[in-house]
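[1] Prediction below, plus the sequence it came from.
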There are 2 protein chains.
Amino acid sequence: MPNQQPSLDLMFQALADPARRSMVERLSRGPASVSELARPLDMSLPAVMQHLAMLEAGGIVASEKVGRVRTCRINPDVLSLAEHWINQRRTQWEQRLDRLGAFLAAEEDGETK
Amino acid sequence: MPNQQPSLDLMFQALADPARRSMVERLSRGPASVSELARPLDMSLPAVMQHLAMLEAGGIVASEKVGRVRTCRINPDVLSLAEHWINQRRTQWEQRLDRLGAFLAAEEDGETK
DNA sequence: GTGATAGTCAAGCAGTTGCTTAAGTGTCAG
DNA sequence: CTGACACTTAAGCAACTGCTTGACTATCAC
């Protein structure tokens, strides 16, 4: 059973690199082996492995080895966790702006009485 | 006019630190000065300034100095950019799962004919 | 002016990241 | 059994982070 409580730290960290995001983009179209992920990336295989390790640490992808090939796939639950955190901050700010607007409108009403 | 094309790199990087996320959380409840942001953070003011610089580099917050106090506020547009990137990957993967499920169901139908 | 306030600049330092190359380990195909 | 394949480990290195302290610089309040 996989330890399924990744921190936002590791999650956002994992997404903060273009090579890793390109791996996630590839995986969002379906599972892939390590060398498939490496192919478009112009870096050595060990480098790709290190990126993969960070993606796994962030809980964003999981992988499983069968025979000599390791197959990687995305974990959408964790992605939606990050999405949710951002959404909360954004909407909180936007609602504040709305309330502020309403308040200012009311003030102006009062003044013009 | 502020240069408003921050990279996903700097954006996610900015969100990958608990101190910076706590600053964003504080700012999502309304603008604040640098020392207000620093108060709950148990670190020196220069350290907070450095975090602030990364948040600005990621386009997540903007700040403006009036007199001797710098006031910081959130930029919701950039947050929704990050949110959107994540959402696209996640839904792409989930749709793929749906199509795969449909395909397998169809296969099974064929077999049982 | 004097002093407190709010922020800024700069140097320095331990720890992490992002890459490399070189040398393995385990599987599979013939 | 032998070679090719798909990783995996380890060592090493330049660059970047995250923090510190110490020294300034500009307000603002009196």
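    Nice, I can see it.
[2] In chain A, which residue is most central in space?
    To find the centre residue of chain A, average its C-alpha atoms and take the closest one (C-alpha atoms, centre = their mean): that gives A:Leu79, at 4.7 Å.
[3] and the gap between it and B:Pro31?
    From A:Leu79 over to B:Pro31 the distance is 30 Å, taken as C-beta to C-beta, to the nearest Å. Just so you know, the C-beta spots here come from the backbone N, C-alpha and C atoms, and that holds for glycine as well.
[4] tell me how far the ends of stretch A:9-22 are from each other?
    19 Å (C-alpha to C-alpha, to the nearest Å).
[5] same question, stretch A:23-31
    First residue to last in stretch A:23-31 (C-alpha to C-alpha) measures 11 Å.
[6] Quickly check: that stretch near chain B or not.
    Yes - legend: contact between stretch A:23-31 and chain B by C-beta under 8 Å from any C-beta of the partner chain is shown at A:Val24, A:Glu25, A:Leu27, A:Ser28, A:Arg29, A:Gly30.
[7] wait, doesn't the second one sit right on B:Arg89?
    Yes - when contacts are counted by C-beta atoms under 8 Å, A:Glu25 is listed as touching B:Arg89 (6.5 Å).
[8] So if I had to pick from the two, which one is more boxed in?
    Applying other C-beta atoms under 10 Å in any protein chain shown to A:Glu25 and B:Arg89 shows that B:Arg89 carries more neighbours, namely 21 against 14.
[9] Where does that one fall, secondary structure wise?
    B:Arg89 belongs to helix B:76-111 when elements are defined using DSSP states H and E.
[10] quick one: that helix to helix A:76-111, angle?
    Put simply, helix B:76-111 runs at 140 degrees to helix A:76-111, going by axes from the mean of the first three to the mean of the last three C-alpha atoms, to 10 degrees.
[11] ok now helix B:76-111, how far from the chain's centre?
    Here the centre of mass of C-alpha atoms in helix B:76-111, compared against the chain's by C-alpha atoms, centre = their mean, to the nearest Å, lies 22 Å away.
[12] Between the residues of stretch A:23-31 next to chain B, which sits nearest B:Val61?
    Minimum separation from B:Val61 among the residues of stretch A:23-31 next to chain B (C-beta to C-beta) is found for A:Val24, which lies at 25.5 Å.
[13] what's the residue nearest to the closest one when sequence neighbours are not counted in contact with, if anything?
    Leaving aside its sequence neighbours, A:Val24 sits nearest to B:Arg89 (C-beta to C-beta, 6 or more residues apart in numbering or on different chains; 5.7 Å). If you count contacts by C-beta atoms under 8 Å, 6 or more residues apart in numbering or on different chains, B:Arg89 has them with A:Val24, A:Glu25, A:Ser28, A:Ile74, A:Leu79.
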